[in-house]
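Asker: Whatever this is, show me its structure:
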Amino acid sequence: MFRTLTDDMLVAPQITVADVAEAKAQGVTLIINNRPDDEEPGQPAGDDIKAAAEAAGITYIAIPVTHAGFSAPQIDALDKALDVADKGKTLAFCRSGTRSTLLWSLRQARDGMPVGEIARLAGNAGYDVSMIRPLLDQLAGQASGE
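Answerer: Residues are numbered from 1 along each chain as shown. Purely as a prediction, here's the structure:
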């Protein structure tokens, strides 16, 4: 269920409280919820997943991304979360994993990772970043001083 972007970054569709144990078993030390609560009837509550994560010794951070799109503060929040994360893997999730992958991609581009490499890693995990390619190119250009 968890898809690998890098050795230390996993993404997934909506997880449940039961999935937290599997995350722990796979070395996850940080769970990032990119899904707003009440986006869909019946989805697990973020507070329930947070409680399960904390009980398992996993840090939990919510950085909701709505269908309105991405913003610089969301990228900053992801950057801060990953910078303070304990050694181990990070698992980010949303409804399908796409928003989590796209937010990770934006952060990577802003930090200077080549866009082709971002697209390759996302593609290997089953996600397509072409819908935000112009923004990735812009952020990568800013990172390289262009």
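
Asker: in the chain, which ranges drop under the pLDDT threshold?
Answerer: Counting by pLDDT under 70, the low-confidence segments of the chain come to 86, 146.

Asker: quick one: the strands in it?
Answerer: Ranges of strands in the chain, per DSSP state E, are 3-6, 9-12, 28-33, 59-62, 89-93.

Asker: So which of these is the most surrounded?
Answerer: Sort those by mean neighbour count, taking mean count of other Cβ atoms under 10 Å, and strand 89-93 sits at the top with a mean of 25. Bear in mind the C-beta positions are built from the backbone N, C-alpha and C, glycine included.

Asker: Please name the strands paired to that strand in the sheet, noting orientation.
Answerer: strand 9-12 (parallel), strand 28-33 (parallel) (DSSP bridges).

Asker: so which of the ones you listed comes closest to residue 119?
Answerer: Proximity to residue 119, assessed across those by Cβ to Cβ, is greatest for strand 9-12 (14.7 Å).

Asker: what about that closest one, distance to the chain center?
Answerer: 6 Å (Cα atoms, centre = their mean, to the nearest Å).

Asker: Output it in CSV, but only the C-alpha positions, please.
Answerer: In CSV, the C-alpha atoms belonging to strand 9-12 read as follows (Å, rounded to 0.1, in the frame of the first residue of the first chain):
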residue,chain,number,x,y,z
MET,A,9,10.0,9.1,1.7
LEU,A,10,6.8,7.0,1.2
VAL,A,11,3.4,8.1,0.0
ALA,A,12,0.0,6.3,0.2
